[in-house]
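*Asks:* Got a predicted structure plus its sequence, pasted below:
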Amino acid sequence: MSKMIPIAPNLSRRLPKREANRGAWTTEEDRKLAQVIEVHGPRRWKMVAAKAGLNRCGKSCRLRWLNYLRPNIKRGNISDQEEDLILRLHKLLGNRWSLIAGRLPGRTDNEIKNYWNSHLSKKIKQKEDRGGGANLLQQCGARCADCVTMGSGSGAKGEPNEMTSCGSFIQDDAMLDSSFQEPINLEWMSKFLEMDEGWLDFL
DNA sequence: AATTTGCCCAACCGCAGACTC
DNA sequence: GGAGTCTGCGGTTGGGCAAAT
């Protein structure tokens, strides 16, 4: 499924616009960056870039570290369990990729964002095209009398980033496995809340 | 075998909020 | 408290590659 990730492609993915080096990172650049971060830690990226002698901006160094060099990065296929979790979290949080990634150890926000854009968004669209695209909140409300919207109101792009007090909209997604039915969804919600008590701040 | 098409994903960009002086 | 700088985030781009033609 997933292709091998090139370690250090030499060809730039982007044309350089300024003096700073851009495009794909080389093995040597990775090595230098890792060495500096080992000494100074993953912060003060401008200084890290300078110390490493890399002709790159701090921003670029940070991105490289977070998405590639950081320890415990999990590479390769997204498992079914992970995919399921991404779907659920996306329903709760919308396009808050960093938050979603925070719940998937070893996965980066960029990876999840890419996976969503290339795989999951299509799956959902296909499902909606098959007639499952009714408003999730409406569906929930039709079933659940005391359903109260707790949404963020930030779904400016029409994303299903709202939830209800009963959380039952999650059940409407046939792509979610049956284990999420009935009391189990509340159990999952409880676990989710336990994981991050501050999550309501984001809604 | 050569060309085209579509997908994947690393990397860049712009913006907003946090931080520092 | 204000200005300047840094950091983190989400959206987008485009090169590389495999599959299809």
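*Replies:* Everything's here; your move.

*Asks:* only C-alpha atoms for contact and neighbour calcs from this point on.
*Replies:* Fine.

*Asks:* Are stretch A:23-35 and DNA strand B in contact anywhere?
*Replies:* Yes - Stretch A:23-35 reaches DNA strand B (CA under 7 Å from any atom of the strand) through A:23-25.

*Asks:* try stretch A:96-103
*Replies:* No - Stretch A:96-103 lies apart from DNA strand B when judged by CA under 7 Å from any atom of the strand; the minimum separation is 11.5 Å.

*Asks:* What residues sit buried inside that stretch?
*Replies:* Across stretch A:96-103, burial judged by 16 or more other CA atoms under 10 Å covers A:97, A:99-101, A:103.

*Asks:* Just confirm yes or no for it near DNA strand C.
*Replies:* Yes - for stretch A:96-103, a contact with DNA strand C is found by CA under 7 Å from any atom of the strand, at A:96-99.

*Asks:* and what of stretch A:35-53?
*Replies:* Yes - against DNA strand C, stretch A:35-53 shows contacts by CA under 7 Å from any atom of the strand at A:43-46.

*Asks:* Selection in ChimeraX covering whichever of the residues of stretch A:23-35 next to DNA strand B are buried, please.
*Replies:* Of those, the buried ones go into a single ChimeraX selection, burial set by 16+ other CA under 10 Å:
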select /A:23,24,25
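
*Asks:* on that earlier part again, in strands, which of the residues of stretch A:96-103 next to DNA strand C appear?
*Replies:* Of the residues of stretch A:96-103 next to DNA strand C, none are assigned to strands by DSSP state E.

*Asks:* Mind putting the residues you listed into a markdown table with pLDDT?
*Replies:* A markdown table is the format used below for the residues of stretch A:96-103 next to DNA strand C (pLDDT from 0 to 100):
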| residue | pLDDT |
| --- | --- |
| A:Arg96 | 90 |
| A:Trp97 | 91 |
| A:Ser98 | 89 |
| A:Leu99 | 90 |
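
*Asks:* if we can go back for a sec, ranking by neighbours, what's the top pick from the residues of stretch A:35-53 next to DNA strand C?
*Replies:* Top of these by neighbour number is A:Trp45, holding 19 neighbours under the definition other CA atoms under 10 Å.

*Asks:* which stretches of chain A form helices?
*Replies:* Taking DSSP state H as the test, the helices found in chain A are A:27-40, A:45-51, A:58-64, A:80-93, A:97-102, A:109-115, A:121-127, A:136-143, A:183-195.

*Asks:* Can you tell me which of the residues of stretch A:35-53 next to DNA strand C is nearest DNA strand C?
*Replies:* Among the residues of stretch A:35-53 next to DNA strand C, A:Arg44 lies closest to DNA strand C (CA to the nearest atom of the strand), at 2.7 Å.

*Asks:* how far away is that closest one from A:Cys57?
*Replies:* 11 Å (CA to CA, to the nearest Å).

*Asks:* returning to what we had before: need the least confident one among the helices of chain A, by mean pLDDT.
*Replies:* The minimum mean pLDDT among these belongs to helix A:136-143 (a mean of 34).
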